[in-house]
Every structure is written in C-alpha cells, then in structure tokens.
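Undergrad: After the sequence you'll find the predicted model.
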Amino acid sequence: MTDCKTRFRTLLMAGTAGLILSLAQGGAAMAQTNTPADTAAADEAEPAIVVTGSRIDRKGFEAPTPTTIIGDAELRQGARPSIAQVLNDLPQFRATQSPASTVANTNSSSSAMDLRGLGVTRTLTLLNNRRFTGAVDLNTVPQGLVKRVEVVTGGASAAWGSGAIGGVVNIILDDELEGLTIGAQNGISSRGDGYRYSVDGTFGTKFADGRGHFMIGSEYQQDKGILDRNSRKNVGSSNVFTPAGTDALPILVRDVNAANTSLGGLITTGKLKGQTFNTDGTLRPFQYGSMVSGNGTTMVGGEGVATNDEYALTNPYQRVNAYARASFEVGDATFWADGSYSRIWAKYPFYAESGSYSISATNPYLSQDIQNQLAAADESKVSIGRVFEDYGYRTFDYYRQNVEGAVGVDGSFADGKWRYSAYYSHGEMRNMQSYHNQITGANLTAALDAVRDSSGNIVCRAALTDANTACRPLNILGTGTADQAAIDYVFGNTARVVYTTKLDSAGASLRGDLFETWAGPVSVAVGAEARWEEQVTNSLDATSAAKGFSRFNFAPLDGGFNVQEGFGEVAIPLLDQPFSKIDVNGAARYSRYSTSGGIWSWKLGLTDRIFDNLLIRVSRSRDIRSGSLAELFTTSTTSFTTVVENDKNDKPQTYSITRFGGGNANLKPEIGSTLTLGAVFTPTFLPGFNLSVDYYDIKLKDAITSLGAQDVITNCANGNTVLCSQIERDSEGAPKNIYTTYINLAEYRTKGVDIEATYTLPLSKVSESLGGTMRFRGLATYVPKVIINDGNSTVDRAGDVGDNVNFGTPHWRATGAITYASRAVSVDARVRYVGGGKFNHTLPIANNDISARVYVDLGAQATIADRFTLFANVNNLFDRDPPLTTYGAIHYDSIGRYMTVGAKVSF
C-alpha cells in the first residue's frame with residue numbers, strides 16, 4: 001500500500017509540475033498569436049466601481065477609507081477551496097476559523113473572516129452589499145459566481161453598521177454573467193492524503209430584449225481531510241511540557257503523552273501504582289517515557305496516549321451550495337430577487353474517552369491475587385487511568401444548512417441624478433451537532449460498581465435490588481475485555497442538538513447630488529435599515545439537558561434582538577484644481593438595539609489628490625459592535641487545551657484542562673476608535689504602477705471576548721480575583737476546568753501599517769511583437785502592537801504566534817505575486833511570508849522562539865479555442881514544515897505541499 005501511495009504521489013507531482021511547465025512554455029508560443037489590438041482592448045477595460053468604502057456612489061469620488069480589491073487573478077491563485085481561504089492568504093487576515101484550526105470544536109470546517117486578528121465577530125461580511133446568514137461560514141458562497149471581493153481595512157460602522165470595527169468584506173457577484181460554464185478539480189497533498197475534489201457550474205442569460213437577466217450557480221465539494229496528525233512533523237502530539245526538576249523550564253516538544261492513563265488501564269495510586277493491565281487482567285510495569293513532568297501527568301515518549309494524536313489535522317467535510325438571481329428592468333428601476341441554499345456536513349472520529357476512575361478493591365474483575373495485594377495494603381479503592389480507544393473514538397456528526405432569499409429594487413430618477421435601493425431578506429441557518437460513543441456519567445458509575453450475585457455471576461450492584469435494571473457491569477481492566485452490552489449501556493447514548501439562526505433584514509437608501517459648488521457637486525447618501533436576529537433550540541437530547549455526559553453536554557441557545565438604524569453620509573469637494581483635488585467626507589449612524597438601547601457611530605475623512613500622482617487620505621471613525629447571538633445567549637461550549645501554571649513550589653507545570661464557555665446577556669456594546677492615515681502613489685510617468693501605504697490605529701473599549709484558558713490562568717496569577725473564580729481545581733489544587741464566559745474587557749488596541757504595490761505592464765509596450773501582460777503585486781502588513789488590557793494587567797500580543805494564544809499576531813505578513821496573462825494562458829508565482837516570534841512570551845518556555853516561514857506557490861492556466869480551460873496549482877512548493885503546534889494551525893501551513901489540477905468548459 002505504501003509503495004502504491006508513493007508511486008501515485010510521484011506521478012501526480014510529476015504530472016502537475018509537467019502541466020505547469022508545459023503551460024508556461026506553451027504560453028510564450030500562444031501569446032505570439034495575440035494582436036496588439038487584442039491587448040489594447042484588454043488594457044482599456046473599465047475598472048470596477050468600488051462600492052464598499054462609502055455609501056456615496058458619485059463617479060470619481062474616492063473614499064478616505066483604504067480598500068483592497070481581490071479580483072479574478074487573486075481568486076484563482078492557489079485553487080483555494082473557499083472564498084475565506086482565498087482571503088486568509090492576505091496579510092491583513094488571520095485564519096482563526098478554517099478546516100485546519102477547528103479540528104476539535106463545534107465550528108468544524110467553518111470558514112469565517114478575521115481582519116486584523118480582532119476576531120471573526122469584528123469583521124462584517126456582506127454579499128452584494130447586504131448582510132446574510134451565510135457570513136458565519138463562507139463555504140456557503142459558490143466561487144464560480146464571484147466577480148470580486150472588496151475589503152475595507154478600516155472602521156466602517158457608520159456606513160454599514162455593527163460589526164465593522166476591523167473592516168468589511170463585501171463579496172460582489174457577477175450579476176451580468178452570460179453563458180454556461182462547467183468545471184471540476186482534484187487536489188491531493190504530496191503525502192497522498194488530503195484528497196479533495198469538486199464540481200461546479202454557472203449559467204447566466206439575458207431575456208426580454210436585454211431587460212431581464214437570470215443567473216444560477218452551484219458547487220459540490222468533498223474534502224477527505226487529514227485524520228493522521230502524526231503524518232506531519234511538529235504537529236501530532238507536540239505540546240508544552242514541564243520536566244521534573246527544580247530548575248527545569250517548560251519546553252515545546254514532540255511526542256508528549258499522558259503519564260497517568262493507558263489503553264489497558266493504569267493504576268495511579270497505592271501499592272500497585274505504575275502497573276498497567278494486560279488483556280488477561282494481569283499486571284505489568286507501565287513503560288514511562290524519557291522525561292516525566294513535574295506533576296506526573298505527562299511524559300515524553302512512553303506507551304501513553306496523547307489526545308492530540310487523536311484529533312484530525314484537517315477536518316473532512318462535504319458541501320453543496322447554490323445561488324440564483326433574476327432581475328428585470330421596468331423603466332428606470334430594476335427589480336430583483338435571489339435565493340440561495342447551502343449544506344455542509346461530515347461525520348468523523350474525534351478522540352477516545354479517557355479519565356481517572358475509581359473501583360472497589362474487591363471488584364470481581366480484579367484477579368484474586370491483585371485483590372489480596374490490595375487487602376494486604378489496606379486499600380479499599382483503586383484508581384485507574386484509562387483510555388477507551390478499544391471501545392471506539394467519540395464521533396462528531398454535524399450539518400449546517402442555510403436557506404436564504406431576498407427581493408429588492410435599484411433605480412434612479414431625475415435623469416439619473418438620484419439613485420435609490422431597497423431590499424428585504426430572510427435567512428435561516430439550521431445547525432445540527434451530535435456526539436456519539438460518549439460516556440454517560442451515571443451509567444459509568446453504576447457499571448463500575450460490579451459485584452457477584454448469589455449465583456456467582458458478575459452484575460451491577462444495582463441488580464441486587466432491581467432485577468430489571470438496564471445496568472451491565474463494565475470491565476475496564478485490559479483492552480477488549482468488556483461485554484458489548486456493558487459498552488452499549490455506558491457509551492450508547494448520543495448527545496444531539498439542533499439550533500436554528502434566523503436573520504431578517506430590510507433597508508432603503510437614497511444617493512445623489514444636492515447642489516454644485518465651485519469645486520464640484522455635494523453628494524449625499526441617506527437611508528434606514530432594520531434587522532431581527534434570533535436563535536432557537538429545535539431539539540436537545542435528554543442526557544445533555546441533565547448534564548449527564550462525561551464531557552460534552554449540549555445546551556439550549558435561545559434568544560434574539562432587533563435593531564433599527566438610520567444613517568447619512570456627505571461628500572463635500574473643497575478644491576478642484578490640477579494641483580489639488582480635496583474632498584471632505586462625513587458619515588453618521590444611529591442604532592437602537594432592543595438589548596442595550598441607542599448608540600451612535602460616525603466617520604470623518606479627507607482626501608487630497610495632488611497632480612493626479614498622489615492621493616493623501618485620512619479618516620477617523622467611531623465604530624460599534626453589539627454582542628452576537630452566541631455571545632449573548634450561548635449556555636455552554638466545550639473545548640480542550642493545555643495551560644502552564646506555577647505549582648505550590650513556584651515551579652511552572654503543564655496541565656490538560658477542559659475549557660467551558662458561555663454567553664452573557666448583560667454585555668454592553670463595544671466601542672472602537674479608528675484612525676487611518678495613508679497615501680496612494682500613481683505616477684503618471686509610470687502608467688500601471690500603484691503604491692499605497694496606510695497606517696491604522698484601532699482602540700477598542702469594553703471589548704467583548706471570551707479569554708483563552710491560559711489568559712485566565714496568567715491573569716489570575718497577576719491578581720485578577722474575578723478570573724481566579726473561573727478556575728475549578730482538583731483535590732491537589734491543579735486546574736481542571738476553566739470557565740470563560742463572554743465579558744467586556746477594559747481595552748484592546750492594535751496598530752500597524754499596510755503596504756500594497758501593483759504594476760501592470762502590457763508587453764506590447766516593451767515590443768510590438770510581444771503579447772500578453774505582466775502583473776506584479778505585493779501586499780504586506782506590519783503590526784508593532786496588539787495590546788490587551790483586562791483592567792488588571794496589560795499584555796502585548798504582537799509577535800506571539802503560538803496556536804493557543806488569543807489575539808496572537810505576527811509582526812510581519814506579506815505576499816508577492818508575479819503573473820503573466822494573455823488570452824490563451826496565464827502563469828503565476830506567489831511568495832507568502834509569515835513572520836516568526838514567540839510561541840507565548842508570557843510563558844517561561846525554554847524554546848519559545850518560532851522562526852518565520854516562506855511559502856512558494858505556482859499556478860498556470862491555459863484556454864483552448866476560447867472554450868476549454870485547464871489549470872494546475874502547487875501550494876507550498878518546497879514543503880515547509882509548520883512550527884511546533886499544540887492544536888490547530890492559525891498562522892502557518894500545516895498540510896505541506898499540495899497540488900490541484902482542474903478543467904472548465906464554457907459554452
């Protein structure tokens with residue numbers, strides 16, 4: 001099997017590389033057939049009208065807020081499986097939610113946007129300028145229908161409302177689509193895993209003499225995921241480990257396993273401590289690793305099991321989505337209606353149940369020899385650490401289904417001088433989650449209390465007084481020893497919940513020019529919006545409702561709110577001269593929430609275009625965000641991680657803990673203050689060149705957040721008694737459970753610089769015999785500060801790049817791409833840089849430094865006879881390993897070299 005995988009991998013790699021090389025070589029030949037007129041026509045194409053930076057839509061108006069456009073070339077690069085993962089390649093974003101970073105939580109495989117690393121709830125995602133329920137997971141959007149994505153990288157609450165503190169992502173669909181396109185693609189890693197394939201189709205047509213238009217698109221994708229974490233270096237059971245010894249510091253190390261559990265059952269107390277059970281019920285010494293932690297719970301090597309070995313590296317999933325839109329012109333108005341459907345689902349092993357369990361020293365499953373030894377030591381109980389891999393992994397099963405529809409009208413009057421829009425939309429996302437093969441706590445307790453009845457049979461103690469009991473005695477001494485009826489009794493219940501999130505939204509706006517001044521028209525935009533958000537629990541299993549499962553108990557989430565808003569924006573030209581064109585822009589919005597009352601947001605900005613070569617822009621905004629449904633009303637969430645805390649001897653120790661989260665209905669809206677200051681250089685002496693540099697400074701007060709488990713531990717040690725009360729400890733004083741409900745922090749602040757440069761060079765300008773265009777584009781973000789202030793202590797998270805650090809952000813991220821494109825072929829090369837830093841600078845980790853990573857991606861596309869398109873991509877060409885990772889990759893690539901090939905046909 002290994003040889004087959006190797007041959008397959010080699011064949012695919014060779015084929016992909018060969019296809020890219022042949023396309024590149026063929027491109028030079030095919031490009032010669034393009035005429036100068038062809039290239040000129042392409043060069044003179046109208047630029048996209050940017051709609052997201054402002055509600056003002058006056059031709060020639062330039063918003064003071066920086067906006068990045070992701071066009072067709074960027075959408076194709078890397079053959080990413082979703083819009084979210086396309087955007088995560090940009091330095092302004094952080095991959096907080098992706099199939100690689102949600103491997104052990106109930107957001108499995110979701111993809112949401114996180115600008116500035118402020119969290120996904122502070123990035124407002126729109127579809128064609130309006131909110132939609134699919135914003136929480138961009139797997140819902142068919143990529144074949146996307147025309148471009150506009151990213152506003154500054155506060156935009158005055159224009160678009162709550163949630164736009166980090167910025168706005170506006171997905172613009174191609175509502176002029178014509179023709180039929182059908183495509184398919186396959187991808188696989190160089191290790192022969194992570195197989196992914198998809199098929200998609202789009203269709204668009206005009207009717208009624210061009211007054212009507214209809215479009216539809218759909219996509220199916222299956223990703224097999226990568227279940228074996230140990231197939232990648234530095235990922236598997238890597239963890240923070242604290243060796244025994246008075247001077248030993250915690251270290252990041254591979255192969256960290258549990259030292260207090262085993263597959264057959266490890267005795268952890270008393271005379272027989274350190275003995276593990278064989279399958280026949282006899283004992284043997286447990287094989288400890290080369291290093292054992294100071295608290296005795298973990299070790300390096302040995303025969304123990306690590307939960308991190310059992311998580312997937314990337315989650316498997318299947319998804320299908322579809323979108324349709326129809327529009328019709330009536331006079332100066334265009335009426336439209338659209339509808340969408342999406343579903344993503346999967347079922348896969350999560351990890352095995354484990355824990356420490358106490359049984360009687362006279363338990364009949366113990367051999368007589370072991371019972372005698374315990375009796376001689378005067379021990380009435382025996383504690384056993386057990387991993388139940390032999391009973392099967394806990395399995396996670398889910399689907400998220402989104403159905404949405406909208407109607408609206410866009411029109412104009414007064415000879416087009418005034419434009420209006422209105423819409424109403426309704427969407428529902430149904431989210432089913434279930435855990436199978438999970439321990440029911442009360443059943444386990446009863447099943448472990450085994451005795452012999454009057455006939456000498458081993459039964460549950462409950463059976464002595466209740467002959468009809470469902471209890472069956474469970475033998476946990478040795479792998480594969482339990483009766484199936486007992487396994488079903490303890491592990492047979494399923495935790496299951498179904499939530500439905502509903503969003504109704506409506507809005508109307510009016511834009512136009514009030515009057516003319518010496519410098520041009522004074523333009524305004526006014527409007528009103530309203531929305532109703534609600535989440536209800538459709539079903540919940542009885543065991544979860546009673547908190548009866550050992551670990552995962554789903555909880556009801558019921559609640560909702562509504563908001564009504566009015567907004568206005570004005571653009572006033574102050575100067576219109578060849579040497580300077582100055583515009584002042586102002587916007588304000590009043591929002592009234594049913595949960596927290598009324599609140600204002602606003603923006604002031606100024607632009608000055610100097611000699612058509614340099615644009616100076618500055619903006620200041622007050623942005624707001626109210627609590628989301630989850631932040632306000634979630635009852636309970638569960639996840640797992642490790643923390644480091646000093647023990648009674650003031651020595652750092654590593655502990656595995658369970659983190660429980662939850663909502664808080666008393667949250668206040670958070671208020672952001674954003675300053676952006678930048679310049680755009682477009683020299684007339686170098687057509688096609690564009691350089692922008694923008695500084696941003698975001699200060700967030702009353703920030704709504706759920707602290708990470710390590711943050712709770714650290715701030716408790718720094719004297720925050722409120723956070724200390726959220727830590728539940730075991731009998732030895734070690735942290736066991738940490739409760740991190742949503743709270744309003746005192747302050748959050750980040751600042752940095754965005755740099756973007758593009759240069760487009762038609763090769764006909766170099767030589768008339770050359771065809772096609774060269775395009776160069778580079779983006780970089782520098783983040784010197786990410787300050788978190790909880791009211792008691794202040795921590796700077798810029799440069800913290802460990803995967804278990806909330807708000808951790810590299811100082812530098814950058815991408816650079818070179819693309820050659822003609823009508824027949826395009827070839828691109830891209831370099832992605834992710835800066836290094838500390839895993840977590842607040843922890844005394846001996847090997848805390850993480851080095852930077854550079855990734856190289858290649859891609860090529862060829863079009864034959866204007867109908868058939870072939871493409872190939874290789875991401876992470878040189879197969880750079882990730883740094884040591886304890887859970888799921890956020891900043892770095894954990895998959896390695898990945899290749900994709902595909903084809904499309906158009907009619």
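TA: On my side now, so go ahead. Residues are numbered from 1 along each chain as shown.

Undergrad: After the helix or strand of the chain with the lowest mean pLDDT, which helix or strand is next? Please name it.
TA: One helix or strand of the chain scores below all others by mean pLDDT, DSSP states H and E: helix 36-43, with a mean of 36. Following helix 36-43 in sequence order, the next helix or strand is strand 67-70 (DSSP states H and E).

Undergrad: what lines up beside that following strand in the sheet?
TA: Sheet pairing of strand 67-70 (DSSP bridges) gives strand 146-152 (antiparallel).

Undergrad: what residues does the strand it pairs with touch?
TA: Residues outside strand 146-152 that contact it (Cβ atoms under 8 Å, 6 or more residues apart in numbering): 48, 50-53, 65-72, 75, 83, 86-87, 90, 92, 115, 164, 167-175. C-beta coordinates here come from the backbone N, C-alpha and C atoms, glycine included.

Undergrad: Quick one: list the elements packing against whichever helix or strand comes after it.
TA: Next helix or strand after strand 146-152 toward the C-terminus (DSSP H and E): helix 157-160. On a contact count with 3 or more Cβ pairs under 8 Å, 6 or more residues apart in numbering; DSSP states H and E, helix 157-160 meets strand 559-577, strand 580-593, strand 597-610, strand 614-625.

Undergrad: so for helix 157-160, what's the average pLDDT?
TA: Averaged across helix 157-160, pLDDT comes to 92.

Undergrad: same question, stretch 248-259
TA: pLDDT averaged over stretch 248-259 gives 88.

Undergrad: What residues of it count as buried?
TA: Using 16 or more other Cβ atoms under 10 Å as the test for burial, stretch 248-259 gives 248-259.

Undergrad: export that stretch as CSV, just CAs?
TA: The C-alpha trace of stretch 248-259 is given here as CSV (Å, rounded to 0.1, in the frame of the first residue of the first chain):
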residue,chain,number,x,y,z
ALA,A,248,13.6,22.9,34.6
LEU,A,249,11.6,25.2,32.3
PRO,A,250,8.6,24.3,30.2
ILE,A,251,9.6,23.3,26.6
LEU,A,252,7.8,22.8,23.4
VAL,A,253,8.5,19.2,22.4
ARG,A,254,7.1,16.4,20.2
ASP,A,255,5.6,13.1,21.4
VAL,A,256,4.1,14.4,24.7
ASN,A,257,1.8,11.7,26.1
ALA,A,258,-0.3,11.1,29.2
ALA,A,259,1.6,9.5,32.1
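
Undergrad: Quickly run through the sheet partners of the strand ranked longest in the chain, with directions.
TA: Selection of the longest strand in the chain by residue count, based on DSSP state E, yields strand 495-517. Under the criterion DSSP bridges, strand 495-517 sits next to strand 418-436 (antiparallel), strand 520-540 (antiparallel) in its sheet.

Undergrad: Make JSON lines out of these and add mean neighbour count and mean pLDDT.
TA: Converted to JSON lines, the strands paired with strand 495-517 look like this (neighbours: other Cβ atoms under 10 Å; pLDDT from 0 to 100):
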{"stretch": "strand 418-436", "mean neighbour count": "19", "mean pLDDT": "95"}
{"stretch": "strand 520-540", "mean neighbour count": "17", "mean pLDDT": "95"}
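
Undergrad: Of all these, which one is nearest Ile384?
TA: strand 418-436 (23.6 Å; Cβ to Cβ).

Undergrad: Run the chain-centre distance for the closest one.
TA: Here strand 418-436 is found 19 Å from its chain centre; the criterion is Cα atoms, centre = their mean, to the nearest Å.

Undergrad: mind checking how far Asn873 is from Asp879?
TA: 15 Å (Cβ to Cβ, to the nearest Å).

Undergrad: Between these two, which is the more surrounded one?
TA: Asn873 (27 against 15; other Cβ atoms under 10 Å).

Undergrad: What's opposite that one in the beta bridge?
TA: In beta-bridge terms (that is, DSSP bridges), Asn873 pairs with Gly859, Thr900.

Undergrad: now it: how far from Leu266?
TA: In terms of Cβ to Cβ, Asn873 sits 48 Å off from Leu266.

Undergrad: what's the answer for Phe241, then?
TA: Taking Cβ to Cβ, one finds Phe241 at 19 Å from Leu266.

Undergrad: Could you check which of the two has the larger neighbour count?
TA: Phe241 (27 against 24).

Undergrad: Next one, pLDDT for that one please.
TA: 85.

Undergrad: repeat for the one 3 residues further on
TA: For Ala244, the pLDDT comes out at 79.
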